[in-house]
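Engineer: Structure for the following, please:
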Amino acid sequence: MTTLDIDFIRSQFPAFSEPSLHGQAFFENAGGSYTCAPVIERLTRYYHQRKVQPYYPFEASRLAGEEMDEARARLAAVLNIATDELSFGPSTTQNTYVLAQAFGQMLGEGDAIIVTNQDHEANSGPWRRLAERGIEVREWRVDEVGHLDLAGLARLLDERVRLVCFPHVSNLVGEINPVVEICDMVRAAGAYSCVDGVSAAPHGLPDIGGLGADIYLFSAYKTFGPHQGIMAIRRALADVLPNQGHYFNEDVRYKRFTPAGPDHAQVAACAGMVDYLDMVHAHHFKPEPDAALRGRLVHDLFAAHEAGLLSPLMAYLHGRNDLRLLGPGAGRVATVSLVANKPGYELAQALVPHGVMAGGGDFYAVRLLEALGVEPAHGALRLSFVHYTSAAEVEKLIKALDRVL
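Structural biologist: Numbers count the residues shown, from 1 in each chain. Purely as a prediction, here's the structure:
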């Protein structure tokens with residue numbers, strides 16, 4: 001079993017040598033991660049040397065286009081999908097909105113879609129608005145701990161359902177949903193699946209090809225990259241959904257669902273995310289030519305490190321009787337939300353003098369908080385970390401919580 005070299009990892013993130021951040025432990029990674037050095041280097045180079053319209057014959061333009069193509073091809077390879085199945089957009093929220101418009105045109109009265117109340121609003125609200133077009137919206141609801149039971153989905157699925165939207169991981173309760181099993185159920189019912197992977201991808205880029213989802217969405221700014229939304233759409237679905245881009249780009253799959261066009265520099269910089277993952281792989285493993293396999297190995301390496309850090313934090317929280325831990329005790333990523341006698345935002349404020357950066361509020365999961373009996377205005381304290389978090393930082397967090405709670 002390979003152990004993550006945390007010193008090597010942290011050396012790849014300029015934030016850990018930034019004087020203004022010295023002495024502060026970062027536990028709001030679910031809202032956005034630190035950016036790795038290869039992404040910053042590529043973005044800086046692009047703005048210095050390539051900040052022109054891409055794909056023209058002069059050198060700067062040619063190189064700009066090549067770097068954008070490199071990002072799409074290398075990222076798709078790690079995600080185990082075809083290059084033309086990957087699209088970039090300004091954010092996952094925007095990408096979801098565009099997809100909802102496309103489905104709204106394709107579906108009609110008598111068709112039904114399924115959404116959950118476990119989702120971040122970005123993968124719920126745009127789909128729910130399709131009810132205004134006469135499409136039936138069914139809600140797959142969580143139980144008292146925030147869990148989505150597969151039997152609940154089975155009761156909702158029938159021949160009228162055309163689309164099921166659900167999260168890979170909840171951004172609040174942190175539970176890992178069985179994506180493969182859910183997508184198999186959805187496919188057997190003759191429907192499409194749309195998976196919000198925003199809260200899963202920071203813990204290791206997923207093998208999208210192996211998950212079986214028709215649509216998978218996540219955000220690069222939460223996976224150590226620039227502020228871009230990344231969207232994978234299977235060819236069979238991309239070819240039947242109505243085009244949302246310029247009519248003359250209709251035959252280019254990765255342009256069909258980006259009507260505003262991507263941010264050229266940020267798309268190019270996304271190749272730096274793969275640079276980083278490849279550096280991590282090369283540092284910990286023997287050479288491996290298959291990009292998807294490299295991605296899976298790094299994913300598992302990250303997951304093992306995070307699980308080791310999560311264990312003492314969960315043990316500490318379970319030992320207290322003055323707070324409520326949201327979500328399951330197992331089968332989760334390193335995102336932990338708790339409710340105490342003070343509002344979540346106030347608890348986050350109280351942690352600041354102790355050198356802990358955390359978030360408090362509803363985290364755009366208002367429907368989930370309400371389902372769990374938590375007043376959204378009170379909210380929760382969310383503690384989220386990723387593979388670059390150290391054991392010393394978790395220890396610091398526990399000591400700070402002990403003082404604050």
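Engineer: What score does the residue nearest to residue 178 when sequence neighbours are not counted have for pLDDT?
Structural biologist: Sequence neighbours aside, residue 150 is the residue nearest to residue 178 in space, at 7.4 Å (criterion: CB to CB, 6 or more residues apart in numbering). Where C-beta positions appear, they are placed from N, C-alpha and C, glycine not excepted. The model reports residue 150 with a pLDDT of 98.
Engineer: how about residue 150, what does it touch?
Structural biologist: Neighbour list for residue 150: 178, 181, 182, 185 [criterion: CB atoms under 8 Å, 6 or more residues apart in numbering].
Engineer: how is this structure carved up into domains?
Structural biologist: The chain breaks down into these domains under automatic domain parsing: 6-35+291-404, 42-274.
Engineer: how about TSV for those domains, with distance to residue 282 added?
Structural biologist: TSV is the format used below for the domains of the chain (distance: least, CB to CB, whole Å):
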stretch	distance to residue 282
domain 6-35+291-404	9
domain 42-274	12
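Engineer: do you know which of those domains lies nearest residue 281?
Structural biologist: Judged by CB to CB, the one of these that comes nearest to residue 281 is domain 6-35+291-404, at 4.6 Å.
Engineer: Of all the domains of the chain, which one comes closest to residue 284?
Structural biologist: domain 6-35+291-404 (6.1 Å).
Engineer: State the pLDDT value of residue 239.
Structural biologist: We have a pLDDT of 96 for residue 239.
Engineer: how much space between it and residue 219?
Structural biologist: 25 Å (CB to CB, to the nearest Å).
Engineer: Grab the nearest non-local neighbour of the residue lying farthest from the centre of the chain.
Structural biologist: In the chain, counting by CA atoms, centre = their mean, residue 58 sits farthest out from the average C-alpha position, at 36.6 Å. Once flanking residues are discounted, residue 58 sits nearest to residue 52: 7.8 Å by CB to CB, 6+ apart.
Engineer: The one you found: neighbour count?
Structural biologist: By other CB atoms under 10 Å, the residues close to residue 52 number 16.
Engineer: for the lengthiest strand in the chain, packing partners?
Structural biologist: Criterion DSSP state E: the longest strand present in the chain is strand 161-167. Packing contacts for strand 161-167, counted by 3 or more CB pairs under 8 Å, 6 or more residues apart in numbering; DSSP states H and E, involve strand 112-116, strand 136-140, helix 179-188, strand 192-196.
Engineer: what about the second one, distance to the chain center?
Structural biologist: Averaging C-alpha coordinates over strand 136-140 and over its chain gives two centres that are 23 Å apart (CA atoms, centre = their mean, to the nearest Å).
Engineer: Flag every buried residue along the following helix or strand past it.
Structural biologist: Of the helices and strands lying after strand 136-140 in sequence (DSSP states H and E), the nearest is helix 150-156. By neighbour count on 16 or more other CB atoms under 10 Å, the buried set for helix 150-156 is 152, 153.
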